[in-house]
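>>> Turn this into a model:
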Amino acid sequence: MTKGTGIDRRSLLRGAALTGLTAAAGGLAARRATGAEHGGGEDVSVHADGTYATVPLASDNVRLCVVQSVVRPVDESNPGPGKRRNLNHMLDLIDMAQASGLPKNILFFHEFPITGFRFHWNRDDVQRIAIEVPGEETEEISKKARQYGCFIVFGSYVRDSDWPGHNLSITTIIGDDGEILARHWKARNIKGVFQAGARTIELMTTTIYNVLDEYVEMYGEDEVIPVTRTKFGNICTTAVQREPELIRAFALKGCELMLRTATGGFNHLDVRSGAMHNGIYTALVNNAHSPGTRGVFGDTGGGGSGIWGPGGETLAEARSGFEQPISATIPLAAYRARNRIPDVHWDLYRPVYDRYVPKFGPNLFSEYLPTDLDDAGVYLSDKSRWK
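Presented below is the predicted three-dimensional model:
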């Protein structure tokens, strides 16, 4: 709810739509991207017969290209030049990827190709360096999507007027017509992992879990685990690692292409097992080695990007930790003809899950927004439900 008004966020969005505010250029795409067009309150889209919702495919095969590229953090005190440099590099990589081999239907970039990432950034820093979606950067990327007739998928810090003060980590899907098809929020942040000397620091990005009730109020429960159904398959994205329940939930809703982003490393077993256990095609893009990046060694956590099949088999993998495209052709029509959602014996497990209490509850960032990573560590230090 919007405090003191009795008006919820979704009502505001609907009212804007009715008065024609969102009918301006890009209005439909913006509503589709935020989930406002879904209305909220509808049933979660999991079928009871093992099938799942789709739209017709443009072709039997989909050519997916993972673009493993450097991550270069911008100067938070003057982010414009750095973002321009990073965007120009991204646009060049799009040209190079499409010039190499067969035309690609989907180009997939890592978590922060435009802004980069630094642990020392505080909330105000991230607000300054973040992009808007739609915005100046997506307009230029959309031109490339139209030029090559391909989807472009990438992550970024995002600033959103509907969520003032919140730092969002968003994976954006741009269609081959240049329209924004989806803006997928990060589902949750890992906790209790990062150390700065003797201190535990925590990420301050606002995730779905951090504001779960407000998110559902605004976008509807079905958008908590979003599946973007396109002519190049049912696409899901996530920047979350080592949470198999999340990948299973995507698969139960009909995920066919699982696009996972990382920064600074990931676990191949986690990614491959997610593909195998759920029978879905999976790609993960990590940053490349990034020499000259202040604050980290140039080869820290770089490389390893790849594409894996529904049996966990490797379809394509980076040859090194340096910048490169990694491509595979996915026989999506044949896969779709035989594929069903995972067969989970839920009655065996339900009593356990019904009684399980997560270590941290949802909605913690609805009460307070930490100012930086240290403040987030302090704020969350006494929020654990466990002993």
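>>> now what about the regular element (helix or strand) spanning residue 229, what contacts it?
Taking DSSP states H and E as the criterion, residue 229 maps to strand 228-230. Here strand 228-230 makes contact (CB atoms under 8 Å, 6 or more residues apart in numbering) with 53-55, 151, 173, 175, 181-182, 184, 234-236, 254. Where you see a C-beta, it was placed from the backbone N, CA and C, and this is true even at glycine.
>>> cool, and stretch 269-276?
Contacts for stretch 269-276 (CB under 8 Å, 6+ apart): 241-242, 244, 247, 258, 260, 280-282, 284, 306, 308-312, 314.
>>> Please, a ChimeraX command that selects the buried ones among those residues?
The ChimeraX command for the buried members of the contacts of stretch 269-276 (criterion: 16 or more other CB atoms under 10 Å) is given here:
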select :241,247,258,260,280,281,282,284,306,308,309,310,312
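>>> and the contacts of stretch 269-276, which of them are in helices?
Among these, DSSP state H puts 244, 247 in helices.
>>> Tell me which of the contacts of stretch 269-276 fall in strands.
Using DSSP state E, 258, 260, 281-282, 284, 306, 308, 314 are the members of these that sit in strands.
>>> how about the CA coordinates for stretch 135-154, as PDB?
What follows is stretch 135-154, C-alpha atoms only, in PDB (Å, rounded to 0.1, in the frame of the first residue of the first chain):
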ATOM      1  CA  GLY A 135      15.800   4.500 -21.100                       C
ATOM      2  CA  GLU A 136      18.700   5.900 -23.100                       C
ATOM      3  CA  GLU A 137      20.700   2.700 -23.000                       C
ATOM      4  CA  THR A 138      17.900   0.400 -23.800                       C
ATOM      5  CA  GLU A 139      17.000   2.600 -26.800                       C
ATOM      6  CA  GLU A 140      20.400   2.000 -28.400                       C
ATOM      7  CA  ILE A 141      20.300  -1.700 -27.600                       C
ATOM      8  CA  SER A 142      16.800  -1.900 -29.100                       C
ATOM      9  CA  LYS A 143      18.200  -0.500 -32.300                       C
ATOM     10  CA  LYS A 144      20.700  -3.400 -32.500                       C
ATOM     11  CA  ALA A 145      17.900  -5.900 -31.800                       C
ATOM     12  CA  ARG A 146      15.900  -4.500 -34.700                       C
ATOM     13  CA  GLN A 147      19.000  -4.400 -36.900                       C
ATOM     14  CA  TYR A 148      19.700  -8.100 -36.400                       C
ATOM     15  CA  GLY A 149      16.200  -9.400 -35.800                       C
ATOM     16  CA  CYS A 150      17.300 -10.900 -32.500                       C
ATOM     17  CA  PHE A 151      16.400 -10.900 -28.800                       C
ATOM     18  CA  ILE A 152      19.000  -9.200 -26.500                       C
ATOM     19  CA  VAL A 153      19.100 -10.200 -22.800                       C
ATOM     20  CA  PHE A 154      21.200  -8.400 -20.200                       C
END
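>>> to the chain's geometric centre, what's the distance from that stretch?
Chain-centre distance of stretch 135-154: 17 Å, with CA atoms, centre = their mean, to the nearest Å.
>>> Looking at the contacts of strand 228-230, which one is closest to residue 371?
residue 184 (26.0 Å; CB to CB).
>>> The closest one belongs to a helix?
No. If the criterion is DSSP: H, G, I helix; E, B strand; the rest coil, then residue 184 is strand and not within a helix.
>>> who's in contact with it?
170-173, 226, 228, 236-238.
>>> From these, pick the one nearest residue 101.
residue 173 (22.4 Å).
>>> which stretches of the stretch 51-200 of the chain aren't confidently modelled?
192-193, 195 (pLDDT under 70).
>>> What segments of it are helices?
79-99, 123-129, 136-148 (DSSP state H, counting those that start in this stretch).
>>> Just say which of those helices is most tucked in.
Per-stretch averages of neighbours, counted by mean count of other CB atoms under 10 Å, single out helix 123-129 among the helices of the stretch 51-200 of the chain, with a mean of 19.
>>> Give me the residues contacting it.
So helix 123-129 is contacted by 74, 76, 79, 82-83, 115, 121, 157, 159, 165, 167, 204, 369-372 (CB under 8 Å, 6+ apart).
>>> Narrow the residues you listed to those that are buried.
Taking 16+ other CB under 10 Å as the criterion, what is buried in those is 74, 76, 79, 82-83, 115, 121, 157, 159, 167, 204, 369-370, 372.
>>> Out of these, which is nearest to residue 379?
Using CB to CB, residue 370 comes nearest to residue 379 of the buried ones among the contacts of helix 123-129, at 5.0 Å.
>>> list the contacts for that closest one?
Residue 370 touches 123, 202, 204, 376, 378-379, counting by CB under 8 Å, 6+ apart.
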